[in-house]
Structure formats: C-alpha cells, structure tokens
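Participant: Got a sequence here, can you build the structure:
(chains A and B)
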Amino acid sequence: MSKERIQISEALYDIMPSDYQDLVKSATYGKDDRGWKDIGTSKELIEQHSLCAGCPESMAFRYILASLPNPEDTVMVGSTGCTSLVFPMVAVHNIHSLFGNQNAIASGLKRALSVRFPGRVKDVVVLAGDGATVDIGLDMTLQAWFRQEKFTTICFDNELYANTGGQESGLMQKGFVAKMAPVGKLFDKVRLPEIARESGCHYVVNCTVSKPSLVEKVIRNAVHIAREIGPTYLQLYTPCILEIGKNSMEGLQEMRDSEKPTERFAYKEYISDPAKQLLAELAAKDKERKAAAKQLAAQAQAN
Amino acid sequence: MSDYRVLPGPEHFLPPAAASMGIRLPNPGEAHINGVITSEEKAYEEAARQFLMAKVPTIFPGPLVLWAWNEKAAKKATAIRHLFNTLKESVQPNQKPMLIPMPDYRPKYPKINPEIEINPNHPNLTIWHNKIDCCVFIGVHCHQANLSLKIIRGGTSCYTIAMCAQAGHEDAMLSFRDASVEKIMLLADTIKRLKGTVQPRLASAKNGVSS
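Facilitator: Purely as a prediction, here's the structure:
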C-alpha cells in the first residue's frame, strides 16, 4: 500500500480516533531520512505496547519501527512470543505466523509481492524471538537463508522462553538457571550469527539495543541489503528483565553490561563483498542528497 | 426452509453460525429479515422502523468507507454521513443516534476506547458501553462482519443490520446485499418518510445488555 492511498474519507474524518488522524497527519511514512530521532516529534508507528514495564523489547520495537526505510511498503512477519503481543499495536502491515514458520511465510510473501508489484520496492522483515528463530523454527530460518531469500530476519534474543515462564532456549548461555530450567543450561549458546554467515547471509550483526543510533544503522543496512542482494540477519539482545531477576529500570544497564568486548553481545558484524559495495554506493548517494538539500536550504535563505 | 430465526440475543456464549442452521443468503434484489428472505422494499421499511424505535441507533462504518481508497469509497462515506444526519433529524429528543467507526481490525484488547471506536474482535465492549440497541454495519469486510455479528448476537440484545456490498450476512438480524450509495440514500429516505410514525421503545427497556 502506498502512502498516497492512506487517506481518511473527508465525510467521516471527524469521527476517526485521533490515533488514526495523527498517523495520516504526522507519521513519517514516505520520509527519506526517517530515523530514531523522529521519536517524540512525530507520530510513532507503535501505539501503547502491552509488554512489561521497562521491557527492552519495547525499546527495540520503537527503534526498529522508526528506522525502517520504507514502512508504507513493508510487511513484517512475526511469530509466537512476546513480539506477538505488540504487533496488533503496530501501524505497519504484519502477519502472525505459526510458531517457527516465519521465514517460510516470509519467503512466499516476498516472492508473491515481487510478482504482484513488479518494479515496486516491497520489503519483508521477519521479527521473531529466539525460540521461534533458533529452536522451533531453525529449519525454516536456515532454509530461507540457503535459498537466498531476499528479506531480513531479526531475532529478539532474550535467551529463554520468556512468554511461557522461563524455559531453556538454544540461545540461552551455558550454565544459566531459569525458573523452568532448574538444572542449568548444559551446552553453549548456539552461535547463530556465525551459522547465518555460513548459510549465506550477506549482512549479519549481533548487538544489543542500548544505542538507538546503532539500531537505526543496522536496520537500514539490513533492509537495503536484503532488498538488493540477499538474506540478512540481526540478532538483538532484548533481555527479559523479569526472567533474569532484574527490575524495570535495569534493562538498559543489563544490555550495556552484556555488550562489553568480552561479553556475548559484543558488537559483531559480518558484511559480504557485494553488500559492502552496495553500502558504499548508498552512502555516496546519501551524501549527495544531503549536500543537495543543504545547498537548497542555503539558496532559500539567501533569497 | 430452516425453522431457525436470527433474533436479537443474548443467544449464548457461542451462538451457532446462522448458515450452519440453514439460513441462506438473499439473491440479488432481495434481503433477509431474521433469516427469512424478503423483498428489499420490506427490508428498508423494517430497518428504518428498527432505527426509529431504538434508544441508541448506531451506524458502524468500517475501513472500506472510512478510508478513501477510491472515489466510490469517499462517496459512500458522504452517503453514510447523510444517513446519520437524517437519523438525527428523525428521532425524538430522548433517542441518541451514534456514528462510531471501526477503523481497522487489529485486536486492540484491552486498550480500545469504546466511546469512540468499535473493534470486530470484541464489539460487545462498544455496544455495552453505549447501550446500543440497534446498529448497522457498513463498509466492513465480510469475514470481520461475520465475526462481529455473531459475537453481538451471542452476548447482547442489540438488533443488527448489515448493509453489505457483497452477498449479505446470515448472522445479522436484517441484511441487505450489493450495498451502494443509492441504497444507503434510500435507507435514509425511508427513515425520513417514517419519521413520527414509529414510537421509540420505553425507557425501561434493556438496551444491548446481556441478561
């Protein structure tokens, strides 16, 4: 759906709840340089979320939705988990898949969109938890990457099954004891970023969501590379503060502690050669666009 | 023909789909009242009568008319506004017509504000809150209208009317089909014509609340 088609009928405009009026009036659909800095100054694409107070996942959602380069022509595919509680509040087209099927659904969707809207950019972004991505849906995740499907996979890694009370997941760190995993994890955290790289992903990042500017950068890179070249994968640490025994205000510090150089969420990035070239071209175009805008502004001021 | 009748509820928590009870949809040029196929003319009269009798007659426009997808949608929106204005002019001071939108189908439970919107996944919240005893769905996609109409029949005593642009709805107490701008205007004209001939329900009557 293009931005131009999202208009309220004039005769019924006054009865539309203000959320919808604001979305049409001041959301950042169609804005070239949209990003996390729009948060607070324009209508966000996420309404009040239904996650726990202080949940880092809610921060991640806000940053991601603010950073998508093409939200009016993006379809997100979610899966069972805490993320599925948020998607109903999101003003971007989204599909809820069966648990673990998200990458299979995204594959079909991306292909169908390419056929239905040839010549038009349609982005598909999968957003699922670690259970859906690495445990239950690992088959579908890997197969999509092997096939070089052109969409982005984002994994909200909270290192356990938070939604169902704290069971062990493949991305849980070794030795961790959770409420429903009292023995402690016996094997290492699955190294999915490395697996993603070997499986054909052209852009892989492992990080936390403590820095919005970093999240914006990796989201934009991942979506652009997926659009032009092939699959991309982002593994974002969004700790479940309840399941690791933290308070509402401690999520940010937990992420900062976990991204130190020796920790498991130290920033890790892999970019394939074609992706590097694309990013360089995009950066050059961006520079040109900014320079032109600056020149235009200077001219307008002079006049 | 089925003996089952699609009547105002509350029927029970999970009422059967009217189609499964043998209720069939009207053919072009027809409508149904309580599941019985009838002429469109009779249905206009009955719909107008139900609106004029109701304490809180309400129009629920859906996404197909709230959003200006195309010129036709915008025209239908204008016709709906005319219908609402006609309704307001035709009822008595103790009746309270309402125009409440169904902007989209996201299951926004429990955040929905029932004063200003209706959601197909829990329409009862809006009906109970506003004590709505008669409503019409216009511009709601069929699968969402079916869901809502069944929930309303299950949990409230609200009289439901469907102004469907496709083949109609078995789960409404009264359903038109092939809705167009002209048909919406005709309903408005019928309401205007019957103004003053129908007595509103008594103030003590239960409105939209399950027993």
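
Participant: for chain B, what are the nearby residues on chain A?
Facilitator: A:5-12, A:15-17, A:20, A:47-48, A:50, A:88-89 (Cβ under 8 Å from any Cβ of the partner chain). The way it works is simple: take the backbone N, C-alpha and C, and place the C-beta from them, glycine included.

Participant: Tell me the buried residues in stretch A:169-186?
Facilitator: A:169-172, A:176, A:178, A:181, A:185 (16 or more other Cβ atoms under 10 Å in any protein chain shown).

Participant: How about whatever residue of chain B ends up closest to chain A, nearest residue that isn't a chain neighbour?
Facilitator: Nearest residue of chain B to chain A (Cβ to the nearest Cβ) works out as B:A77 at 3.4 Å. The shortest distance from B:A77 to any non-neighbouring residue, by Cβ to Cβ, 6 or more residues apart in numbering or on different chains, is to A:S9 (3.4 Å).

Participant: so what's the backbone phi/psi at that neighbour?
Facilitator: Per-residue torsions, A:S9: phi -60, psi 130 (degrees, to the nearest 10).

Participant: Taking the centroid of chain B, which residue is nearest it?
Facilitator: B:V136 (1.9 Å; Cα atoms, centre = their mean).

Participant: With respect to chain B, which of the buried residues of stretch A:169-186 is nearest?
Facilitator: Nearest to chain B among the buried residues of stretch A:169-186 is A:S169, at 26.6 Å by Cβ to the nearest Cβ.

Participant: Find me the pLDDT at that closest one, would you?
Facilitator: We have a pLDDT of 96 for A:S169.

Participant: Identify the residues contacting it.
Facilitator: A:130-131, A:134-135, A:159-161 (Cβ atoms under 8 Å, 6 or more residues apart in numbering or on different chains).

Participant: Nearest to B:S20 among those residues?
Facilitator: Nearest to B:S20 among those is A:G131, at 37.1 Å by Cβ to Cβ.

Participant: Check for me that A:V125 belongs to a strand.
Facilitator: Yes: under DSSP: H, G, I helix; E, B strand; the rest coil, A:V125 sits within a strand.

Participant: Grab the nearest non-local neighbour of A:E263.
Facilitator: A:D257 (7.0 Å).

Participant: I'd like to know how many residues surround that neighbour.
Facilitator: Neighbourhood size, A:D257 [other Cβ atoms under 10 Å in any protein chain shown]: 14.

Participant: quick one: it and A:A266 touch, right?
Facilitator: No: look at A:D257 against A:A266 with Cβ atoms under 8 Å: they stay out of range, at 11.3 Å.

Participant: returning to that earlier point: the residue nearest to the centre of chain B and B:A162 touch, don't they?
Facilitator: Yes: using Cβ under 8 Å, B:V136 is in contact with B:A162, at 7.3 Å.

Participant: which neighbours do those two share?
Facilitator: Common neighbours of B:V136 and B:A162 (Cβ under 8 Å, 6+ apart) do not exist.

Participant: List the contacts of B:L87.
Facilitator: So B:L87 contacts B:51, B:57, B:59, B:97, B:188, B:191 (Cβ under 8 Å, 6+ apart).

Participant: now swap in A:F151 and tell me
Facilitator: A:106-107, A:110, A:123-126, A:144, A:226, A:231.

Participant: mind checking the SS state of A:K285?
Facilitator: Under the three-state scheme (three-state DSSP), A:K285 adopts helix.

Participant: Tell me how many other residues surround it.
Facilitator: 10.

Participant: Where does the stretch 201-303 of chain A get nearest to chain B, which residue?
Facilitator: A:S248 (19.9 Å).
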